[in-house]
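Q: Provided below for reference: sequence and predicted model.
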Amino acid sequence: MARSIDTLAVHAGERRDKAHDSLVTPIILSTAFPFQDTAELHQYFRGEVARGEEYGRYGNPTQEVAEARLAALDGGEAALLTSTGMSAIVTTLLAMAKPGMHIVITADSYRKTRVFVREFLAKFGIEHSCVEPDVAAIAGAITDKTKLIISESPTNPYLNCLDLAELAKVAKARRVKTMIDATLATPFNLRPIEHGIDIVIHSATKYLGGHNDLLAGVVVGRKDFIDAVREHQGMLGALASPFTAYMLIRGLKTFGVRMRRHNESALRVAQFLERHPQVERVWYPGLPSNASHAIAARQMAGFGGLISFTVKGGLEDASRVVDAVEIPFLAPSLGGAESLIEQPPLMSYYEKTPEERTALGIRENLIRLSVGLEDCDELIADLQQALQRSR
Ligand SMILES: Cc1ncc(COP(=O)(O)O)c(C=O)c1O
């Protein structure tokens, strides 16, 4: 029977009969998995016996459970767990890299992904075009050498949403693979594979882990593709530890409960901010005023927990708000139980001048808020008192 995302988040990927009659998946710390004898070793390398593990860098049983659960949540054939979101991106791109290939990437994407494509892959003769997160702009940038389109939905920090079915159609017509970093959406709100996207990436550090206490990443896609990325992980070695895999499995059990709360609270906070006289503009795809609202409402189950907004005034006025809030922490990252607040021009672009930041589209008075699981009325009251100080 097909299971809902709530049931999958609790059970998918787990055997019911576990070692030592354990109810929960055990943490298997072993770095090597002995063979009974040479005959079994021969059978293993000939692919004649079904045993998962050999050496820890090629995987471990706790990681396997996490991967099966993540694949089920995203509706993909297979998943690969990695040490961080960035290692999911880097390992996947290195597995796909071919000299002379061309990549189309969108501008409002995670900064380090763009830096990796622009500064690292370029050293090996891989070219790219960076365009606005818009299907027409992406389509216009595809050349005969294009092998991959990289984007996010929603993007960070301006939460643009791409029409993924439209993107997949355009890409398939040109035989180009599509990769969507859906960290901000999560499989609770958006399953890109259902819209025809080939590869899905998440920083599991965020909502999938959900408690601001683990770093991990995941790649989801077709089994043959994930196997190829796994081969590269075996060389690059960017694995999550068995303990991290366990923490992720544990965090995912409350995934549905947490995501509903993030969605509900962030929508209420965004509506509050949009009405506040000290707020200049709010970016949240759940607001009807948002340019992506129609697409997001069509393809997402909820709009997520991240909000970007500008306050009236400049960088210092925004800093006053950030310093005056009592509940959110001033910190990077997003997607955990604790609300986090930050100024992208400082947190992500500190070394740039105001002019450079403006040229990159990063407004000086921009604030990014990751709405956590605290009482929403108390969060709104906290923002209310903090916004009074920006005057
Ligand atoms: C959209 C997005 N993708 C990827 C990453 C990288 O993930 P990690 O920090 O787990 O390496 C982040 C981190 O902030 C992110 O926001």
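A: In hand now; what should we look at?
Q: and the closest residue to E274 other than its chain neighbours, what element?
A: Nearest residue to E274 in three dimensions, chain neighbours excluded: V282, at 4.6 Å (C-beta to C-beta, 6 or more residues apart in numbering). All C-beta spots, glycine's among them, are computed from the backbone N, C-alpha and C. For V282, the host element (DSSP states H and E) is strand 279-283.
Q: for that strand, which strands pair with it and how are they oriented?
A: Strand pairing for strand 279-283, using DSSP bridges, gives strand 306-311 (antiparallel).
Q: list the buried ones in the next helix or strand after the partner strand?
A: Per DSSP H and E, the first helix or strand lying C-terminal to strand 306-311 is helix 315-324. Across helix 315-324, burial judged by 16 or more other C-beta atoms under 10 Å covers D317, A318, S319, R320, V321, V322.
Q: between those, which is nearest the ligand?
A: Within the buried residues of helix 315-324, the smallest distance to the ligand is 18.0 Å, found for V322 (C-beta to the nearest ligand atom).
Q: show me the contacts for that closest one.
A: Counting by C-beta atoms under 8 Å, 6 or more residues apart in numbering, V322 touches L330, I341, E342, Q343, I367, A386.
Q: which residue comes closest to the residue of the stretch 251-391 of the chain found nearest the ligand once chain neighbours are left out?
A: Residue nearest to the ligand within the stretch 251-391 of the chain: S333 (6.1 Å; C-beta to the nearest ligand atom). Leaving out its chain neighbours, the residue that sits closest to S333 by C-beta to C-beta, 6+ apart is L340, at 6.0 Å.
Q: what about stretch 209-219, near the ligand?
A: Yes. Stretch 209-219 reaches the ligand (C-beta under 6 Å from any ligand atom) through L215, G217.
Q: tell me the buried residues in that stretch?
A: Of the residues in stretch 209-219, G209, G210, H211, N212, L214, L215, A216, G217, V218, V219 count as buried by neighbour count, 16+ other C-beta under 10 Å.
Q: which one of these sits closest to R175?
A: Minimum distance to R175 across these is 20.7 Å, recorded for V219 (C-beta to C-beta).
Q: which neighbours does the strand or helix carrying that closest one have in its sheet, and in what orientation?
A: Secondary structure assignment for V219, by DSSP H and E: strand 217-221. With DSSP bridges as the test, strand 217-221 is paired with strand 78-82 (antiparallel), strand 199-203 (antiparallel).
Q: find the nearest non-adjacent residue to the residue of the chain found nearest the ligand, please.
A: As assessed by C-beta to the nearest ligand atom, the ligand sits closest to G85 within the chain, at 2.3 Å. Spatially, and ignoring its direct neighbours in sequence, G85 is nearest to S203 (2.6 Å; C-beta to C-beta, 6+ apart).
Q: contacting residues for the one you found?
A: The contact partners of S203, by C-beta under 8 Å, 6+ apart, come to T84, G85, M86, A88, D181, T183, A216, G217.
Q: any idea how far T91 is from G237?
A: G237 is 10 Å from T91, where distance means C-beta to C-beta, to the nearest Å.
Q: which of those two has more residues huddled nearby?
A: T91 (26 against 11; other C-beta atoms under 10 Å).
Q: mind listing what's buried along the strand or helix carrying C130?
A: In this assignment (DSSP H and E), C130 forms part of strand 127-131. By 16+ other C-beta under 10 Å, the buried positions in strand 127-131 come out as H128, S129, C130, V131.
Q: can you list the domains in this structure?
A: Taking automatic domain parsing as the criterion, the chain consists of the domains 5-252, 255-388.
Q: quick one on the thing from earlier: for the residue nearest to E274, list each beta-bridge partner.
A: F309.
Q: circling back to that earlier point, reformat the buried residues of strand 127-131 into a markdown table and put pLDDT and distance to G305 next to each item.
A: Listed next are the buried residues of strand 127-131 as a markdown table, based on pLDDT from 0 to 100; distance: C-beta to C-beta, whole Å:
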| residue | pLDDT | distance to G305 |
| --- | --- | --- |
| H128 | 97 | 30 |
| S129 | 97 | 31 |
| C130 | 97 | 27 |
| V131 | 97 | 27 |
